[in-house]
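> predicted model follows, preceded by the sequence.
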Amino acid sequence: MKIAIYGYGNLGKGTEIAVKNSRDMELVAIFTRRNPEDLKTATDVSVVNIKEIENWKDKIDVMILCGGSATDLPIQSPEYAKMFNILDSFDTHAKIPEHFESVDMAAKEGKRVALISCGWDPGAFSLNRLMAE
């Protein structure tokens, strides 16, 4: 599976290592808003400015969005769900239904799959709370 990452903060760096250690995944690119030459990565992967993302539509199976829930993901997830199968970690609990609706509509428009709010919380922690109740 060909994976790309958008965002290279702590989450993006951890995702890079996780993909590197997965036998069935290949990291093909890291997308950034910064100058790609300034990014020091843990792997020898292409670092690409986000302005070039449309050139990668047929080269990526899953785009993992590693932006923040407050300002990045509400814009990025619906935008990129039209072009790629995406995965995000949106964690503003009160806004998950709204986020789901906008991402779901965009993914359907692009005939893609989008998995939102996956990670520790929501995600594994939410399942744990459900089981405890």
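Received it, and whenever you're ready, just let me know what you need. In this text, all values refer to a predicted model and were calculated from it rather than measured experimentally.

> just the strands in this structure please.
Shown for the chain, the strands assigned by DSSP state E span residues 2-6, 26-32, 46-49, 62-65, 85-87, 114-115.

> make CSV out of the ones you listed and add mean neighbour count, mean pLDDT and distance to residue 107.
Yep, even glycine has a C-beta here, placed from its N, CA and C like the rest. What follows is these, written out as CSV (neighbours: other C-beta atoms under 10 Å; pLDDT from 0 to 100; distance: least, C-beta to C-beta, whole Å):
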stretch, mean neighbour count, mean pLDDT, distance to residue 107
strand 2-6, 23, 98, 16
strand 26-32, 21, 98, 18
strand 46-49, 16, 98, 22
strand 62-65, 24, 98, 12
strand 85-87, 22, 98, 7
strand 114-115, 20, 97, 4
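
> would TSV of these with distance to residue 74 be doable?
Listed next are these as TSV, based on distance: least, C-beta to C-beta, whole Å:
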stretch	distance to residue 74
strand 2-6	14
strand 26-32	18
strand 46-49	22
strand 62-65	11
strand 85-87	13
strand 114-115	13
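
> which among those strands is found nearest to residue 75?
Closest approach to residue 75 among these is made by strand 62-65 (10.3 Å; C-beta to C-beta).

> could you dump the closest one to PDB, C-alpha only?
Output of strand 62-65 as PDB, limited to C-alpha atoms (Å, rounded to 0.1, in the frame of the first residue of the first chain):
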ATOM      1  CA  VAL A  62      -3.800   6.500   1.400                       C
ATOM      2  CA  MET A  63      -3.100  10.000   2.500                       C
ATOM      3  CA  ILE A  64      -2.600  10.300   6.200                       C
ATOM      4  CA  LEU A  65      -3.400  13.800   7.400                       C
END
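
> any idea how far that strand is from the chain center?
Relative to the centre of its chain, strand 62-65 is centred 3 Å away, using C-alpha atoms, centre = their mean, to the nearest Å.
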